[in-house]
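*Asks:* What follows is a predicted structure for the sequence shown.
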Amino acid sequence: MPSLNGPVTPRFPLCPDPVPRETVPSFLSRLAAMRRTEMAEFAQNMGVSVRRFLDGDPEALAGLVTWGGVTPAQLAELQSWSGEAIGEVRTRFRGEVFVSRALRNPVMRGCPVCLREDAQGHTGPAAEVLAMRGDWQLCIDPVEICSCYKGEGCDECDDGRQHQTVDGEA
């Protein structure tokens, strides 16, 4: 039983578990969805803006430990799949340096097979379980090879259709 004399970090009962290759914004979005609120509003309730999460602000990210119940190791893993700004136009992603636009792009890419697996067996809102993976952002649109297929192409991913962007435009 935790001591009432020292600081206690609460684990809120509605907290998603991070999924492999998940990004910070994806986890924050799922955390907000479990509370039936928008990500921006939830971040404001935490006392920070979404932009601070996207920028990797340490204070904002520390909120994921408190509000989201992630361990420091899980937070580091989420950060590693999200990219870390190093200067004006470069981003460190999983130990490699990329031009920021390669990772910070308004086009959301995703593997329909992985997203279907996320939703399988879940009875609540899909936003609670659909997790965006960091490696998808490095793929050519549409996602042609998802790392979960170990280099094998995914026929469902290369369907020739235009894919929705974050702002809803094709």
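*Replies:* Nice, I can see it. Numbers count the residues shown, from 1 in each chain.
*Asks:* so where's this structure shaky on pLDDT?
*Replies:* Per-residue confidence for the chain (pLDDT under 70) gives these ranges: 1-13, 102-109, 137-170.
*Asks:* Strands of that one, residue ranges please.
*Replies:* In the chain, the strands defined using DSSP state E lie at 84-85, 90-93, 96-99.
*Asks:* Next, format the ones you listed as CSV and append mean neighbour count.
*Replies:* C-beta: built from backbone N, CA, C; applies to glycine. Shown next, in CSV, are the strands of the chain (neighbours: other CB atoms under 10 Å):
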stretch, mean neighbour count
strand 84-85, 14
strand 90-93, 18
strand 96-99, 12
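*Asks:* Now distance to residue 78 too, for those strands, in a markdown table please.
*Replies:* What follows is those, written out as a markdown table (distance: least, CB to CB, whole Å):
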| stretch | distance to residue 78 |
| --- | --- |
| strand 84-85 | 12 |
| strand 90-93 | 13 |
| strand 96-99 | 17 |
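*Asks:* Quick one, which of those strands gets closest to residue 76.
*Replies:* strand 84-85 (10.8 Å; CB to CB).
*Asks:* What strands flank the closest one, and is each parallel or antiparallel?
*Replies:* strand 90-93 (antiparallel) (DSSP bridges).
*Asks:* List every C-alpha atom in the partner strand, with coordinates, as PDB.
*Replies:* Extracted in PDB, the C-alpha atoms of strand 90-93 (Å, rounded to 0.1, in the frame of the first residue of the first chain):
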ATOM      1  CA  ARG A  90      16.600  17.900 -38.800                       C
ATOM      2  CA  THR A  91      14.900  15.200 -36.700                       C
ATOM      3  CA  ARG A  92      16.600  12.300 -34.900                       C
ATOM      4  CA  PHE A  93      14.400   9.200 -35.400                       C
END
